[in-house]
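Enquirer: Predicted structure and sequence below. I'll ask about it afterward.
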Amino acid sequence: MCKWIGIGSGLMATVLCMIGVARTWQDDDKIVLDSRPIMQAKVRHAKSLVEGLALENHETVAVAAQGMMTLSQESAWRVVQTPEYLSLSDEFRSSAERLRNAANEKNIDLATLAYFEVTLNCVRCHKYLRHRGR
């Protein structure tokens, strides 16, 4: 029972943090880009991750983690070009890679830990973007 509550809580945190930054950014009075489509895709991958972890479907987890890694390479992902943001993006990709590798190794415990790492990286990055420039 606790396992399901933890996974559900992780999903909720992931979805909330992704929704929080999915909008158009302005930098120096010009619109940089609209990241909503990429954030919506990230939410879909996050849902697949939770489902795959809950059902111990390693392939679903690996595919969703790879999808997140691929999304993070898109130009729409890079909403700002600061060293801090680039570092946070690198950390996200690394944790998503660990998640994919754990799924490929069929290690559900390691995959679950990596999933929480991915979620933590999402929250850190979105927090940075929300507080940037204050």
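Expert: Everything's here; your move. Please read all numbers here as calculations on a predicted model, not as lab measurements.

Enquirer: Can you give me the buried ones in the helix or strand where residue 103 lies?
Expert: Assigned by DSSP states H and E, residue 103 falls within helix 83-104. For helix 83-104, burial by neighbour count (16 or more other Cβ atoms under 10 Å) applies to 85, 88-89, 91-93, 95-100, 102-103. C-betas here are computed from N, CA, C, even on glycine.

Enquirer: what's the average pLDDT for the helix or strand just after that helix?
Expert: Using DSSP H and E, the helix or strand that follows helix 83-104 in sequence is helix 108-131. For helix 108-131, mean pLDDT is 94.

Enquirer: In helix 108-131, which residues are buried?
Expert: Applying 16+ other Cβ under 10 Å to helix 108-131 flags 108, 111-112, 114-123, 125-126, 128-129 as buried.

Enquirer: Using CSV, write out every CA atom in that helix.
Expert: Output in CSV follows, covering the C-alpha atoms of helix 108-131 (Å, rounded to 0.1, in the frame of the first residue of the first chain):
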residue,chain,number,x,y,z
ILE,A,108,12.7,-1.9,-10.5
ASP,A,109,14.1,-0.6,-7.2
LEU,A,110,16.9,1.3,-8.9
ALA,A,111,14.4,2.6,-11.6
THR,A,112,12.1,3.9,-8.9
LEU,A,113,14.9,5.7,-7.2
ALA,A,114,16.0,7.2,-10.5
TYR,A,115,12.3,8.2,-11.2
PHE,A,116,12.3,10.3,-8.0
GLU,A,117,15.7,11.8,-9.0
VAL,A,118,14.1,12.8,-12.3
THR,A,119,11.2,14.3,-10.5
LEU,A,120,13.5,16.2,-8.1
ASN,A,121,15.4,17.6,-11.1
CYS,A,122,12.1,18.8,-12.6
VAL,A,123,11.2,20.6,-9.5
ARG,A,124,14.6,22.2,-9.1
CYS,A,125,14.6,23.5,-12.7
HIS,A,126,11.0,24.8,-12.6
LYS,A,127,11.8,26.5,-9.3
TYR,A,128,14.8,28.1,-10.8
LEU,A,129,12.8,29.3,-13.8
ARG,A,130,10.0,30.7,-11.6
HIS,A,131,12.5,32.6,-9.4
